[in-house]
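A.B. asks: The following block contains a protein sequence and its predicted model.
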Amino acid sequence: MRLKIQVIAASALSGILLISIQIRLGAQSETRPRRVLDPAELGTSQQAEVNDRVSTIAKSEATDLVTYPNNKIAFICGAQLKANSRLNPYPWFDSTQIKYGQALGREAPSVPPRTLTGAVNARLNSRVVTGIGTRFRSEVDPNGPAPFYNGWLRISDGATDREVKVASVQSDTELTLSSTWSFGPINNGKADTYHHDSSQASWNYDHYLRSAYYDTALVEYINYYRTGDPAFLNYARKMADALWGSQYIDFGSIGTTFIVRCVLLLTIG
């Protein structure tokens, strides 16, 4: 009986405490009427300070916003502050965007890895590879950035892909290897510029797709308009042109959403 009375008393006390808390919370949540300061109540010096701040912000917006050559580019890139603007509360963003924009721009290939158009012929002990319906000048780059894009070439003998390096490209149907072809003769063989780099445990086509997705070129265009540095414009054009010639778009012959995005990038210039 005594235990029952203690339980009832404890329950009653808990109820009283809960009611008290709710009353206090209700009082704290009441909205106090806001008082808007009338400019007429400001002193002369305070009013002058406010006017100066408003004027500074207005002038900064007029000079710190990026001006685009036309409305189409403005629509694609969107409103942007110039690099190192005083209106940017996060200056680390500018330094990071510029730093990695330069790094990715240098590393990006002019010619992405892909399966080559047409067929190729190779002869034993010869450095010359000829093509039938090939586009060597736009699909093979012996001077691309290492280690993924610097002249790698694989030619299939029907069972095995034989990897070699390209020294130079003479035309769309003729290129020269860095060493003689030491395998069996190839007639109308298939070729590609894929390469697996063991040091990074990655294929170059995977590396390309990850690092050169369509928005990378767009960001390089934005970097150019934000900084005025022509190097970013060159990077952007290189990336957009490479994407257009990649196996994902194939110079406009493949109807994917990639092509729409790439056309928008090429519109920027």
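C.D. replies: Thanks, I have the structure now. Numbers count the residues shown, from 1 in each chain.
A.B. asks: measure stretch 145-160 end to end?
C.D. replies: One end of stretch 145-160 to the other measures 26 Å (C-alpha to C-alpha, to the nearest Å).
A.B. asks: Show me what counts as buried in that stretch.
C.D. replies: Neighbour counts over stretch 145-160 (16 or more other C-beta atoms under 10 Å) mark 148-155 as buried. Just so you know, the C-beta spots here come from the backbone N, C-alpha and C atoms, and that holds for glycine as well.
A.B. asks: tell me which of those residues is nearest to residue 242?
C.D. replies: Nearest to residue 242 among the buried residues of stretch 145-160 is residue 149, at 9.6 Å by C-beta to C-beta.
A.B. asks: Secondary structure element holding that closest one?
C.D. replies: If you go by DSSP states H and E, residue 149 is not part of any helix or strand.
A.B. asks: pLDDT value on it, please?
C.D. replies: pLDDT, residue 149: 97.
A.B. asks: if I read this right, it contacts residue 113, doesn't it?
C.D. replies: Yes. Between residue 149 and residue 113 there is a contact under C-beta atoms under 8 Å: 6.8 Å.
A.B. asks: What are the buried residues along stretch 178-186?
C.D. replies: Residues 181, 186 are the ones in stretch 178-186 that count as buried (16+ other C-beta under 10 Å).
A.B. asks: Run a quick neighbour tally on residue 202.
C.D. replies: If you count neighbours by other C-beta atoms under 10 Å, residue 202 ends up with 15.
A.B. asks: could we number from 72 for the rest of this?
C.D. replies: In the new count, where the first residue is 72, that last one comes out as residue 273.
A.B. asks: Contacts for stretch 264-276, please.
C.D. replies: With C-beta atoms under 8 Å, 6 or more residues apart in numbering as the test, stretch 264-276 has contacts from 182-185, 187, 210-211, 218-220, 223-225, 234, 278, 318.
A.B. asks: which ones among those are found in helices?
C.D. replies: Counted as lying in helices by DSSP state H, out of the contacts of stretch 264-276, are 210, 278.
A.B. asks: Residue 146: which of the contacts of stretch 264-276 is nearest?
C.D. replies: residue 183 (27.4 Å).
A.B. asks: Skip the chain neighbours and tell me the closest residue to that closest one.
C.D. replies: Computed as C-beta to C-beta, 6 or more residues apart in numbering, the closest residue to residue 183 that is not its neighbour in sequence is residue 317, at 4.4 Å.
A.B. asks: Excluding chain neighbours, what is closest to residue 162?
C.D. replies: Excluding the flanking residues, the one nearest residue 162 by C-beta to C-beta, 6+ apart is residue 155, at 7.0 Å.
A.B. asks: Report how many residues lie close to that neighbour.
C.D. replies: 13.
A.B. asks: give me the element it is part of.
C.D. replies: Counting by DSSP H and E, residue 155 is part of no helix or strand.
A.B. asks: close enough to count as contact, it and residue 165?
C.D. replies: Yes. Residue 155 lies in contact with residue 165 (C-beta under 8 Å); the separation is 5.7 Å.
A.B. asks: burial of residue 162, as a residue count?
C.D. replies: Residue 162 has 12 neighbours, counted by other C-beta under 10 Å.
A.B. asks: List the residues that contact residue 293.
C.D. replies: Counted by C-beta under 8 Å, 6+ apart, residue 293 has contacts 148, 151.
A.B. asks: circling back: give me the neighbour count for the residue nearest to residue 183.
C.D. replies: 23.
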